[in-house]
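Peer 1: got a sequence here, can you model it:
(4 chains)
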4 protein chains.
Amino acid sequence: MIRVGIVGATGYTAVELIKILLRHPNVTITQVTSRDPDGPAVADVHTSLRERLDLNFCQLDIDAFVSQVDCAFCCLPHAASAKIVSQLLEKGIKVVDFSADYRLNDVATFEQWYNVEHPDGQRVGNVPYGIPELFRDQIEPASLVANPGCFPSSALIPLAPLMQQGLIEPAPIIVDSKTGVSGAGRKPNLKFHYPECNESVMAYGVGTHRHMPEIDQIIARFSGDTISTVFTPHLIPMDRGILSTIYVRPLAGVTAAKLQSTLAAFYASEPFVRVTETAPTTKDVSNTNFCDVSVQDCRGMIVIVSALDNLIKGASGAAVQNFNLMFGFDETTSLL
Amino acid sequence: MIRVGIVGATGYTAVELIKILLRHPNVTITQVTSRDPDGPAVADVHTSLRERLDLNFCQLDIDAFVSQVDCAFCCLPHAASAKIVSQLLEKGIKVVDFSADYRLNDVATFEQWYNVEHPDGQRVGNVPYGIPELFRDQIEPASLVANPGCFPSSALIPLAPLMQQGLIEPAPIIVDSKTGVSGAGRKPNLKFHYPECNESVMAYGVGTHRHMPEIDQIIARFSGDTISTVFTPHLIPMDRGILSTIYVRPLAGVTAAKLQSTLAAFYASEPFVRVTETAPTTKDVSNTNFCDVSVQDCRGMIVIVSALDNLIKGASGAAVQNFNLMFGFDETTSLL
Amino acid sequence: MIRVGIVGATGYTAVELIKILLRHPNVTITQVTSRDPDGPAVADVHTSLRERLDLNFCQLDIDAFVSQVDCAFCCLPHAASAKIVSQLLEKGIKVVDFSADYRLNDVATFEQWYNVEHPDGQRVGNVPYGIPELFRDQIEPASLVANPGCFPSSALIPLAPLMQQGLIEPAPIIVDSKTGVSGAGRKPNLKFHYPECNESVMAYGVGTHRHMPEIDQIIARFSGDTISTVFTPHLIPMDRGILSTIYVRPLAGVTAAKLQSTLAAFYASEPFVRVTETAPTTKDVSNTNFCDVSVQDCRGMIVIVSALDNLIKGASGAAVQNFNLMFGFDETTSLL
Amino acid sequence: MIRVGIVGATGYTAVELIKILLRHPNVTITQVTSRDPDGPAVADVHTSLRERLDLNFCQLDIDAFVSQVDCAFCCLPHAASAKIVSQLLEKGIKVVDFSADYRLNDVATFEQWYNVEHPDGQRVGNVPYGIPELFRDQIEPASLVANPGCFPSSALIPLAPLMQQGLIEPAPIIVDSKTGVSGAGRKPNLKFHYPECNESVMAYGVGTHRHMPEIDQIIARFSGDTISTVFTPHLIPMDRGILSTIYVRPLAGVTAAKLQSTLAAFYASEPFVRVTETAPTTKDVSNTNFCDVSVQDCRGMIVIVSALDNLIKGASGAAVQNFNLMFGFDETTSLL
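Peer 2: The predicted structure is shown next:
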């Protein structure tokens, strides 16, 4: 039985993670932390967990924590996360980190985009990026995995193999993403107040979203090219799901059919990536760990559509998939 | 041209009110107040009003305000409202008050349910309740009208005539209401955070909602009976609309058909109440000043369904309807 | 390994059932039938099942079917279902029937409400009603279980124990239910066309819904009283979930607290019923087999709120719970 | 008083058109046609119009129709429309046509994309395209106006001025549009069944949508360039609204600020186009005739966001705006 602790468990990814872990035959959840000194019952904060998890939130005490857990899932904000993660690693705990702290190749890019000093810069660039379909060999032996961003996952799963095999131009790479509101987190904010975002679509972070350098750098590991992804996320009136519509140019002579068969071959034995003939919808993958991908042509431009559940394959499902690899369990355990 | 000021104009009822008044041929909006000392442009706060209203918010200064307005729509919270309303009235300004401060018959009931001392108790009980279909004669000559609560409007429009004519039992009166989230106001709150209330239905205020005494007292003006309405509101994942399903017992020998024809006759010449044969939906009345009502039988119990738009007939539309009466304009002006 | 066949598998309950059964360690799905002679792949009709179930739909051939299945889940319309169920039972197949055909006590009531001759009247009245929390002893040894209606489940789980213990009056029993649109099935219809039911609430079947006699008769098995439930369902703009708000009168001296503790005691050891202190929401139980129930007082009337997922505890989850009992598996298998 | 007839009035654009025309001081609606021989009351089909319009649907009889109307709004499907429009024009009736029949430059392109012989090819290429902001001079004297497609309107309003002034490259022009489901019409279809499209996003018509040649040809009238728009529409779980996110390359040295100020100048005196500094949302323009447009930069690519209500500025509002021009009324009449 692997004893699991969740650091920063008041959000939507945490509750989804708990639900997945409660189905895992080899896991027991022993610690659930938050900043709240009152330590409410987890089920009082996440009412869907009533009678499912008999634990109270506690504030993080590193020594107490490491004495009770073998693996930590860290759901803290960027910069705050690396401070804790580095301590947990030093105590011999394995960690899946949900923050952006260890995803990028270098500290300079992190500090430029996140506008904060990195508290554990030495590890940056040496942590496997947690898309198992792309980096399984690095994830299996790792003590720390950087769980990927939800938008980057939806873009990289189709783009990485195509770039690796040199089938598409390095520019333009336009990623137009549509996400459900759970992606914005659980903290109340006028932008995510029901009557503001219901019956509306909103583009946000135009030209400034931090997932751009993440997509750039991971693609570059496959292609060698320097990429400048043009990425625009949109808030959609639904709870969960990301649909990314990706516009790229094929190299001369490369057809959509060729690109689709390339992806189908690349992911043929993967349990969680499905290459489809028609464009997938977010409902096809809702509440699952699947990422569905299609490739079509529009007047010489390639239109890739990629769908995943932002809280599962885009966060907590991927995290458990990484956990399964790190601990030698079947990769699909509790995820199908 | 009637110069209109709106006091406390940052919420959803205010923006709806502004949109209606902008279509009114006899109105010019001259003052729009909020507590914000920075005085942002109205269109920066309510982006749907871009290029529609070239005014900035200002903090309320009674003297400046009364020098520029003939009529005030007051959208302040309860108790805060009466403090201002009383001053405006003393300066000779006519007022439509959106708060609960002047809706009840007596100060004691107000203070019991609202748990605050009433700042203008002398006027309580002498202010017309702003459902024109029921109290038109009192509204026309009034300087102050108490704009009704959204749920009470949906309950009283069907119940008042039936109680007045002695066709239904005084108990039980069960009002099960379903409302869109705009009814909860514009202030961010976890309960109204998009991912909390989307794809969910929630009963709230069970046994404690302040609209119960309001329904009771207004019905009593028609029936003489002491009523204890059992009222349960539910939050529904939609922007706007209230559907009230009302369960009452007919007196012996009274049929649903008799009740329906009674309502049809009572409202025959009313421009904004429609008695329908099948149950209306909130979409039938969305973005309108209509209240649609049906009466059906279920195994001897009467099931009344009443639908209105909580922001229009339940708030700002009713307010303009009252305004039109108070100033001698055609009652439907800018409301059809 | 129990071989399972699903009869009439093109709807939403079937796809939900398949997803649950795919997680069941003791089940293999061997037959999936529809009326379509072309026999499309299941995953072409239910795209969320891509790469999950490698079966094509086939038309039902009783002999072929019974040679390949040990248990049938029958998702046919009423009357059509009993014709098939009776044949399957005669061949020794165990059946969980989703239709209304075997739920009522007697053929006359069935024929009165469903307006069709019952094709297997002899069994009516002798089939366990599939709410395990109420009828577990009858379900375990049964060859046929009548899976309950979604609305009746939400009403009966709270009402049955309270009626049994004689704590509430037999009238009025008012059940005001709010349901997501998946409850209306998968067949396109103007009423369930997205722009018709989004941003709207609609009462339907007022006074005529067929779940009324079902609630009446099952309650009567507990109380002995003849009941006439007043039941009004409402269509809510969400995918799934039922919230029933139930209004009853307590016997003299019985408090809401007493009723709540009675339910808490009755369901103390049940894995899928949670008695809560505040009113549950449908989101609390979405995508789960839980039914959450609260009891509160409103001016002497008791307001019970009951929440379940119409496709899980209201249909396919309950069906698998019944299946687990019929085949001796742990009742919670694949349901947590 | 202009007598207006609506041909093919069972859909969502027609009901929206009726609501706008009912507020128009110079219009009386005299004929409302459908194919239904029973001639139901308009308010029985469109229940939101109860007590608003006392007309029954009638089948179209050209002679009777032209004797009662001065202007027809034709809401028929493509090809069917031109057959009727040509007859109405010959009888001296002015027409606003909602179909695609007269929008393109030439018959060959029409027949290639719509796969049907054009019934009135002689007029094609000589009919003003009904975006008043771009073609006002041609619309004012016209007897027939081709009301534009909803997606093309959202793309052309920002693109036409920028292409005309030679500020952006002719390729790529990528238009990624998100639309509410009312855009799909009122006919029930599994794709638009509530539980299919709620909580989901779907790309459709990838590479094949008929609005592409419409965008191409209208842009070409401004730029002279041959354009191949890459256009992908997406279905969003909301009733109404289109948000188009448009990706273009600026010519060397042209900034987003320059493009924004160009649009601001071009539309400075237009009552229905608002150039905004931050990206508009569909809620900003919902239930209005506005089109809001922003221009931002993302790593050297220009990201234009355009928002309109598909039923108003994308259909019926534009139609009345054209009508006002054709009959010499103030262009904003009944549209603010």
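Peer 1: which pLDDT does the model give the spatially closest residue to residue A:140 that is not a sequence neighbour?
Peer 2: Distances taken as CB to CB, 6 or more residues apart in numbering or on different chains put residue A:325 closest to residue A:140, at 4.9 Å, once the chain neighbours are dropped. C-betas here are computed from N, CA, C, even on glycine. What the model reports for residue A:325 is a pLDDT of 98.
Peer 1: same thing with the one 3 residues further on?
Peer 2: The score at residue A:328 is 98. That number is its pLDDT.
Peer 1: secondary structure element holding the residue nearest to residue A:140?
Peer 2: Taking DSSP states H and E as the definition, one finds residue A:325 inside helix A:317-326.
Peer 1: let me see the contact set for the residue nearest to residue A:140.
Peer 2: A:132, A:136, A:139, A:140, A:331 (CB atoms under 8 Å, 6 or more residues apart in numbering or on different chains).
Peer 1: I'd like to know how far the fourth one sits from residue A:134.
Peer 2: In other words, residue A:140. Residue A:140 is 13 Å from residue A:134, where distance means CB to CB, to the nearest Å.
Peer 1: which non-adjacent residue is nearest residue A:45?
Peer 2: Nearest non-adjacent residue to residue A:45 (CB to CB, 6+ apart): residue A:10, at 6.2 Å.
Peer 1: for residue A:99, phi and psi?
Peer 2: Main-chain dihedrals, residue A:99, degrees, to the nearest 10: phi -80, psi 180.
Peer 1: what's the closest non-adjacent residue to it?
Peer 2: Leaving out its chain neighbours, the residue that sits closest to residue A:99 by CB to CB, 6+ apart is residue A:81, at 3.6 Å.
Peer 1: quick one, the helix ranked longest in chain A and helix A:317-326 angle?
Peer 2: Ordering each helix of chain A by length in residues (DSSP state H) puts helix A:150-164 first. Orientation of helix A:150-164 against helix A:317-326 (axes from the mean of the first three to the mean of the last three CA atoms, to 10 degrees) gives an angle of 60 degrees.
Peer 1: can you list the buried residues in helix A:150-164?
Peer 2: A:150-164 (16 or more other CB atoms under 10 Å in any protein chain shown).
Peer 1: one more: stretch A:55-69?
Peer 2: Using 16+ other CB under 10 Å as the burial criterion, the residues of stretch A:55-69 that qualify are A:55, A:56, A:57, A:58, A:60, A:65, A:66, A:69.
Peer 1: contact partners of stretch A:44-60?
Peer 2: Taking CB under 8 Å, 6+ apart as the rule, stretch A:44-60 contacts A:7, A:9-10, A:14-15, A:18-19, A:22, A:29-37, A:39-43, A:64, A:84, C:274, C:276, C:280-281, C:283-286, C:288, C:292, C:336.
Peer 1: and residue A:231, what are its phi and psi?
Peer 2: According to degrees, to the nearest 10, residue A:231 has phi -120, psi 130.
Peer 1: and it, what does it touch?
Peer 2: Residue A:231 touches A:151, A:155, A:174, A:175, A:177, A:209, A:211, A:212, A:215, D:298, counting by CB under 8 Å, 6+ apart.
Peer 1: cool, residue A:174 as well?
Peer 2: Contacts of residue A:174 by CB under 8 Å, 6+ apart are A:229, A:230, A:231, A:246, A:247, A:248, D:174, D:247, D:301.
Peer 1: measure it to residue D:273 for me?
Peer 2: According to CB to CB, residue A:174 and residue D:273 sit 25 Å apart.
Peer 1: what packs against the helix or strand containing residue A:84?
Peer 2: Using DSSP H and E, residue A:84 sits within helix A:80-90. Counting contacts by 3 or more CB pairs under 8 Å, 6 or more residues apart in numbering or on different chains; DSSP states H and E, helix A:80-90 packs against helix A:62-68, strand A:71-74, strand A:94-97.
Peer 1: so which of those gets nearest chain D?
Peer 2: Chain D sits nearest to strand A:71-74 of all the helices and strands packed on helix A:80-90, at 26.1 Å, using CB to the nearest CB.
Peer 1: what's residue A:293 sitting at in phi/psi?
Peer 2: Torsion angles at residue A:293 (phi, psi; degrees, to the nearest 10) stand at phi -140, psi 140.
Peer 1: okay, strands next: where are they in chain A?
Peer 2: A:2-7, A:27-33, A:71-74, A:94-97, A:144-146, A:174-179, A:202-203, A:230-235, A:242-248, A:273-275, A:291-298, A:301-308 (DSSP state E).
Peer 1: mean pLDDT for the ones you listed - can I get that in JSON lines?
Peer 2: Listed next are those as JSON lines, based on pLDDT from 0 to 100:
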{"stretch": "strand A:2-7", "mean pLDDT": "98"}
{"stretch": "strand A:27-33", "mean pLDDT": "98"}
{"stretch": "strand A:71-74", "mean pLDDT": "98"}
{"stretch": "strand A:94-97", "mean pLDDT": "98"}
{"stretch": "strand A:144-146", "mean pLDDT": "98"}
{"stretch": "strand A:174-179", "mean pLDDT": "98"}
{"stretch": "strand A:202-203", "mean pLDDT": "98"}
{"stretch": "strand A:230-235", "mean pLDDT": "98"}
{"stretch": "strand A:242-248", "mean pLDDT": "98"}
{"stretch": "strand A:273-275", "mean pLDDT": "98"}
{"stretch": "strand A:291-298", "mean pLDDT": "98"}
{"stretch": "strand A:301-308", "mean pLDDT": "98"}
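Peer 1: out of the ones you listed, nearest to residue A:107?
Peer 2: strand A:144-146 (13.8 Å; CB to CB).
Peer 1: quick one: contacts of that closest one?
Peer 2: A:85, A:89, A:94-97, A:100-103, A:123, A:127-130, A:139, A:322, A:326.
Peer 1: so what pairs up with residue A:250 in the strands?
Peer 2: residue A:168 (DSSP bridges).
Peer 1: tell me the contacts of it?
Peer 2: Residues counted as contacts of residue A:250 (CB under 8 Å, 6+ apart) are A:167, A:168, A:169, A:256, A:258, A:259, A:300, A:302.
Peer 1: next one: residue A:171
Peer 2: Contacts of residue A:171 (CB under 8 Å, 6+ apart): A:227, A:228.
Peer 1: give me the phi and psi angles of it.
Peer 2: Here is the backbone geometry of residue A:171 (degrees, to the nearest 10): phi -150, psi 150.
Peer 1: domain ranges for chain A?
Peer 2: The record's domain parsing of chain A by automatic domain parsing lists A:2-127, A:150-310.
Peer 1: mind checking which of residue A:140 and residue A:134 has more residues around it?
Peer 2: Neighbour tally, residue A:140 and residue A:134, criterion other CB atoms under 10 Å in any protein chain shown: the higher count belongs to residue A:134, 22 against 17.
Peer 1: separation between residue A:292 and chain B?
Peer 2: 21 Å (CB to the nearest CB, to the nearest Å).
Peer 1: ok, residue A:143 next?
Peer 2: From residue A:143 across to chain B, the span is 33 Å (CB to the nearest CB).
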